[in-house]
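S.K.: Need a 3D model of the following:
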Amino acid sequence: MKYKSQKVAYWFFALSMLLLVLQLFYGFIMGFAHMGFDGWHNIFPFNTARAVHTNLLVVWLLSGFMGAAYYIIPEEAETELVSVKLAYLQLISLAVVGVIAVVGYHFNYWEGRKFLEIPRPLDWLVVVNVLLFLGLILVTLFKGKKRTTTSLVLTMGLFFAALLYLPGMIWFDSQTMDSFFRWWVVHLWVEGVWELILGGILAFLLIKITGVDREVIEKWLYVIVGLTFISGILGTGHHYYYIGTPKYWLIIGGIFSALEPLAFLGMALFAIAMYRKGEKKHPNAIALKWTLGTAIVSFLGAGVLGLAHTLPQVNMYTHGTLVTAMHGHLAFWGAYGMIVLAIISYTMPNLTGRNLYKKSSGIWAFWLSNLGMIGMTSSFAAAGVAQVYLERIMGLDFGEVQKEIQVHFFVLILCASLFTVGVCIFIYDFIRYGRPTDEALIASGD
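M.R.: Residues are numbered from 1 along each chain as shown. Have a look, this model is predicted:
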């Protein structure tokens, strides 16, 4: 690391790893419940487990993004973070909000709105937390010696992510209006501004790992930003098919949903082209694998599988089925989960001075987690297609169909176990690195 304040990032990464473990725990609860083994229902009802599982996903990714920003922004701006103490305060408040929310869900303390279950008082705490985070980042950039495209795109993504949280806090008596603006948060986060965050982190890693000239890499960022906004904003329409909105959203959603994979294809081509163009052989091969893997898997999960079922002619059958889970799992993992693990893999040697990337365990973590996720995605696909046929075409009862597809969840549990082993190996390596040290305060040989 080049600046002492970059050590703050470690603690955000540590929170991410803890929340990831909890998310996996609740995922297994739901997987066994789908198989008919729901003995813990009185303690962990399925709806509670699902809310906790999805919300933990959001929080561990946000914690990872914040950690990435606290590492990247000082280095890009060539200055220390303006206040380390406030950054730690922001971390503690983020963790407190997460704990209260998760515990509250078990006591039905929530709003009950899909993906936005967090109760209103906690919403305001989230707003305060994010404003503090953005203030630290923006002031650091303002006081810094440089303002690079990479840092500006990353900051823009973080800023709009905070801004787009606000529509989800507006109260509507109409279910249609509530769903309309709820998707402004959910869709425009994951298929809009989070892609800017992904692009900023990806550009930073490629600059450091490949040695390709910054100007070349950052020109690609403009292309990705353009594709994201052209397709992502109006692509929100593919969520509006069944909530009472006008029919023209079928056309708008269908057309721009078809364009959304272009942004992820651009990222995949961008990463591969920069890797092939690079003349520098960076010793951290594990970070390189996670970085390139992010670009490729995000294109497959978010791009290809997203397009496979969001067009109106297909979505009329697949909407609300396990086909969505097929797309969602590989998309979130490829586009956002892997980029967090990529930035962790890159920064930990620089923060601690320990080069554990020379160990084979990191390679095992990469392949086991990705093979496990591909297996989970395939299991969801098989279960989803069977569900669509039996429920939407044959007209069987929902409960009866769930019993018929239980066998697919046996395979899913096996694949999820493989995925979990890979993640646990990654976390074990993270723990072995230890805490950041002042001795690592050097100009890392990037």
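S.K.: how about the helices in the stretch 201-350 of the chain?
M.R.: Counting by DSSP state H, counting those that start in this stretch, the stretch 201-350 of the chain has helices at residues 214-232, 248-277, 285-298, 305-310, 312-318, 322-332, 338-352.
S.K.: For the most centrally placed residue in the chain, which residues are in contact?
M.R.: Closest to where the C-alpha atoms of the chain average out (CA atoms, centre = their mean) is residue 336, at 3.2 Å. In this structure, residue 336 makes contact with 61, 190, 194, 198, judged by CB atoms under 8 Å, 6 or more residues apart in numbering. The C-beta positions use only the backbone N, C-alpha and C, and glycine is treated the same way.
S.K.: Drop anything exposed from those.
M.R.: Of all these considered here, the ones buried according to neighbour count by 16 or more other CB atoms under 10 Å are 61, 190, 194, 198.
S.K.: And the contacts of stretch 136-147?
M.R.: Contact partners of stretch 136-147, identified using CB under 8 Å, 6+ apart, comprise 69-70, 73-74, 76-83, 86-87, 90, 151-152, 155, 158-159.
S.K.: cool, and stretch 18-33?
M.R.: With contact meaning CB under 8 Å, 6+ apart, stretch 18-33 is reached by 38, 40-41, 44, 46, 49-50, 52-53, 56-57, 59-60, 63, 98, 102, 409, 412-413, 416, 420, 423, 427.
S.K.: before we move on, the earlier item: where is pLDDT lowest across the buried ones among the contacts of residue 336?
M.R.: Checking pLDDT across the buried ones among the contacts of residue 336, the minimum falls on residue 190 at 86.
S.K.: Surely that residue touches residue 334?
M.R.: No - taking contacts as CB atoms under 8 Å, residue 190 lies outside contact range of residue 334: 11.8 Å.
S.K.: Where do the helices of the stretch 51-200 of the chain begin and end?
M.R.: With DSSP H, counting those that start in this stretch as the criterion, the stretch 51-200 of the chain has helices spanning 84-105, 120-143, 149-163, 175-188, 194-210.
S.K.: Let me know which of the ones you listed is tucked in deepest.
M.R.: The densest packing among these, expressed as mean neighbour count by mean count of other CB atoms under 10 Å, is seen in helix 194-210 with a mean of 27.
S.K.: just how off-centre is that helix within its chain?
M.R.: Helix 194-210 sits 14 Å away from the centroid of its parent chain (CA atoms, centre = their mean, to the nearest Å).
S.K.: Please apply the same query to stretch 277-284.
M.R.: 26 Å.
S.K.: For that stretch, buried residues please.
M.R.: The neighbour-count criterion (16+ other CB under 10 Å) identifies 278, 282, 284 as the buried residues of stretch 277-284.
S.K.: which ones are touching the second one?
M.R.: Translated: residue 282. 208-211, 288, 446.
S.K.: Turn these into JSON lines, including pLDDT and distance to residue 324.
M.R.: Rendered in JSON lines, the data for the contacts of residue 282 read as follows (pLDDT from 0 to 100; distance: CB to CB, whole Å):
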{"residue": "208", "pLDDT": "91", "distance to residue 324": "36"}
{"residue": "209", "pLDDT": "91", "distance to residue 324": "34"}
{"residue": "210", "pLDDT": "88", "distance to residue 324": "35"}
{"residue": "211", "pLDDT": "84", "distance to residue 324": "40"}
{"residue": "288", "pLDDT": "93", "distance to residue 324": "32"}
{"residue": "446", "pLDDT": "54", "distance to residue 324": "40"}
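S.K.: Farthest pair within these?
M.R.: Using CB to CB, the two most remote members of the contacts of residue 282 are 288 and 446, lying 12.5 Å apart.
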